[in-house]
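Engineer: no sequence for this one, just the structure:
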């Protein structure tokens with residue numbers, strides 16, 4: 001079975017990502033998945049794991065933002081009886097539970113600095129140390145990490161270890177935003193409407209051409225998760241009906257109306273200009289403003305990420 005087929009879409013940005021992910025899945029290398037909230041980082045991690053040699057072993061997920069700092073170390077590495085108040089018995093950590101398999105650390109950017117050194121030690125030596133123990137244990141675990149924030153900025157602020165970043169970032173994989181792969185919205189909508197019709201045992205609604213045009217023009221700050229939630233809500237409220245623009249939430253219609261009345265705020269100089277020089281300068285400004293984040297730069301410029309990558313190569317540009 002091709003587990004990457006569960007990632008819906010055929011946009012160039014997505015196809016490029018999946019090609020890289022297939023190669024990564026065939027190895028045992030550490031992976032860092034980058035992408036905004038709602039872009040499908042856990043779905044991609046799951047596809048990589050199921051397509052790997054560890055497919056039949058444990059796949060354990062931990063969202064690093066959901067646990068208080070006092071519990072993260074014990075959750076990951078385990079603890080010995082009496083290590084702290086309330087430790088009434090030995091406890092196995094997630095690394096032990098995932099031995100032979102894969103551990104997915106979501107929102108790795110939220111991992112406390114005090115724990116990052118122990119994770120780095122594991123990545124370099126395969127050794128872990130339970131809280132309250134003096135003798136390390138060794139496990140065979142592949143780590144896939146994910147982040148929704150700019151780790152470079154966190155490194156500058158002293159919130160993330162640079163050595164850990166480089167150890168995690170052996171093979172970085174960056175998920176495009178839904179806005180960067182708007183060509184996939186039609187396929188995603190079709191999939192979600194069919195899925196929720198089966199799940200809730202109702203007749204699937206459909207979007208009119210005008211409503212689909214509104215969806216394609218929307219910025220999708222919540223990415224695929226926002227689209228999924230919208231499709232589920234409308235599937236339940238408008239089962240079997242045709243969804244028109246007026247049935248969409250206010251922010252969708254407001255965004256469409258705003259796009260209609262937008263006017264140019266740029267005036268062509270009387271002496272003309274060099275269009276390529278202007279384009280190169282704007283791309284350079286966008287890269288500088290976003291600290292080299294190409295997805296965010298593409299959104300600032302109103303172009304796709306693939307188009308931006310092509311023009312960066314064309315002009316030989318990089319963030320300063």
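Structural biologist: Happy to help now that I have it. Note that the structure is a prediction, hence the values are computed from the model and not measured. Residues are numbered from 1 along each chain as shown.
Engineer: Just want the most central residue of the chain.
Structural biologist: Central residue of the chain (Cα atoms, centre = their mean): residue 35, 3.1 Å from the mean position.
Engineer: if I pick that residue, what's in contact with it?
Structural biologist: Counting by Cβ atoms under 8 Å, 6 or more residues apart in numbering, residue 35 makes contact with 41, 146, 148, 174-177, 295. From N, CA and C alone the C-beta is placed, and that goes for glycine too.
Engineer: Please repeat the previous calculation with a cut-off of 10 Å.
Structural biologist: Going by Cβ atoms under 10 Å, 6 or more residues apart in numbering, residue 35 touches 17, 41, 44, 146-148, 173-177, 223, 295.
Engineer: Inside helices: which ones of these?
Structural biologist: 17, 41, 44, 223, 295 (DSSP state H).
Engineer: Now, of the residues you listed, which are buried?
Structural biologist: Listed as buried from those are 17, 41, 44, 223, 295; burial here means 16 or more other Cβ atoms under 10 Å.
Engineer: of all the residues you listed, which two lie farthest apart?
Structural biologist: 44 and 295 (14.9 Å; Cβ to Cβ).
Engineer: do you know how far the closest residue to residue 112 other than its chain neighbours is from residue 104?
Structural biologist: What sits nearest to residue 112 in space, not counting adjacent residues and going by Cβ to Cβ, 6 or more residues apart in numbering, is residue 69, at 4.4 Å. Distance of residue 69 to residue 104, given as Cβ to Cβ, to the nearest Å: 20 Å.
Engineer: which one of these two has more residues nearby?
Structural biologist: residue 104 (25 against 12; other Cβ atoms under 10 Å).
Engineer: The more buried one belongs to a strand, doesn't it?
Structural biologist: Yes. Counting by DSSP: H, G, I helix; E, B strand; the rest coil, residue 104 is found in a strand.
Engineer: Dig out what it forms beta bridges with.
Structural biologist: Per DSSP bridges, the residues bridged to residue 104 are residue 61, residue 144.
Engineer: Could you check how far it is from residue 222?
Structural biologist: Counting by Cβ to Cβ, the gap from residue 104 to residue 222 is 21 Å.
Engineer: what ranges do the helices span in the stretch 201-320 of the chain?
Structural biologist: With helices called from DSSP state H, counting those that start in this stretch, the stretch 201-320 of the chain shows them at 209-217, 223-237, 250-261, 275-289, 294-301, 305-315.
Engineer: Reformat the ones you listed as JSON lines; add distance to residue 113 and mean pLDDT.
Structural biologist: Shown next, in JSON lines, are the helices of the stretch 201-320 of the chain (distance: least, Cβ to Cβ, whole Å; pLDDT from 0 to 100):
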{"stretch": "helix 209-217", "distance to residue 113": "41", "mean pLDDT": "94"}
{"stretch": "helix 223-237", "distance to residue 113": "28", "mean pLDDT": "97"}
{"stretch": "helix 250-261", "distance to residue 113": "37", "mean pLDDT": "70"}
{"stretch": "helix 275-289", "distance to residue 113": "27", "mean pLDDT": "87"}
{"stretch": "helix 294-301", "distance to residue 113": "25", "mean pLDDT": "86"}
{"stretch": "helix 305-315", "distance to residue 113": "31", "mean pLDDT": "85"}
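Engineer: For residue 85, find the nearest of the ones you listed.
Structural biologist: It is, among those and with distance given as Cβ to Cβ, helix 223-237, at 38.4 Å.
Engineer: Which strands and helices lie in contact with the closest one?
Structural biologist: On a contact count with 3 or more Cβ pairs under 10 Å, 6 or more residues apart in numbering; DSSP states H and E, helix 223-237 meets helix 185-200, helix 209-217, strand 242-243.
Engineer: I'd like to know which elements the shortest one is packed against.
Structural biologist: What it means is strand 242-243. By 3+ Cβ pairs under 10 Å, 6+ apart, strand 242-243 packs against strand 206-207, helix 209-217, helix 223-237.
Engineer: Also the first one?
Structural biologist: Helices and strands in packing contact with helix 185-200 are listed as strand 206-207, helix 209-217, helix 223-237; criterion 3+ Cβ pairs under 10 Å, 6+ apart.
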